[in-house]
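Chemist: this one's sequence-less:
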């Protein structure tokens, strides 16, 4: 029976499962606070319609600029926007590279003079 040699990773290596667990723990830490629930309810009360322009009733409060754990951005009233769940999911998938996934590395043009950038796969 063939065996595979063990994998050795450098210091600080995290598997995909470890990264996802850390991301989930950070979300729980910020969004389970009473302060967030009050802020979210107040924002939805004053902004009942989705701010993306679809005209439906908003159910989600989104951050215009990702807070990345910064409490100043997390609780900044000017950084919030009311959205429907569908609009929020669409925004998250396009702007945040899909629900916590790492963004694809940017591909550079082949030469400095090229006006185009290679398409993402």
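Modeler: Nice, thanks for sending it over. Values in this document were obtained by computation on a predicted structure and should not be read as measured data.
Chemist: residues near residue 56, how many?
Modeler: 14 (other CB atoms under 10 Å). For the C-beta atoms, the positions are set from N, CA and C on the backbone; glycine is no exception.
Chemist: what about it, distance to residue 13?
Modeler: Taking CB to CB, to the nearest Å as the measure, residue 56 falls 43 Å from residue 13.
Chemist: ditto for residue 89
Modeler: Separation of residue 89 from residue 13 (CB to CB): 31 Å.
Chemist: So which of those two has more stuff around it?
Modeler: Neighbour count, other CB under 10 Å: between residue 89 and residue 13, residue 89 has more, with 14 against 9.
Chemist: give me the element the more buried one is part of.
Modeler: Following DSSP states H and E, one finds residue 89 within helix 85-95.
Chemist: any idea how far that helix is from the chain center?
Modeler: Between the centre of helix 85-95 and the centre of its chain there are 9 Å (CA atoms, centre = their mean, to the nearest Å).
Chemist: Next SSE downstream of the helix or strand containing residue 25?
Modeler: Per DSSP H and E: residue 25 is located in helix 16-31. Toward the C-terminal end, the helix or strand that comes next after helix 16-31 (DSSP H and E) is helix 34-46.
Chemist: which residues are in contact with that next one?
Modeler: 30, 58-59, 61, 74-75, 77, 80, 82 (CB atoms under 8 Å, 6 or more residues apart in numbering).
Chemist: Please consider this matter closed, and thank you.
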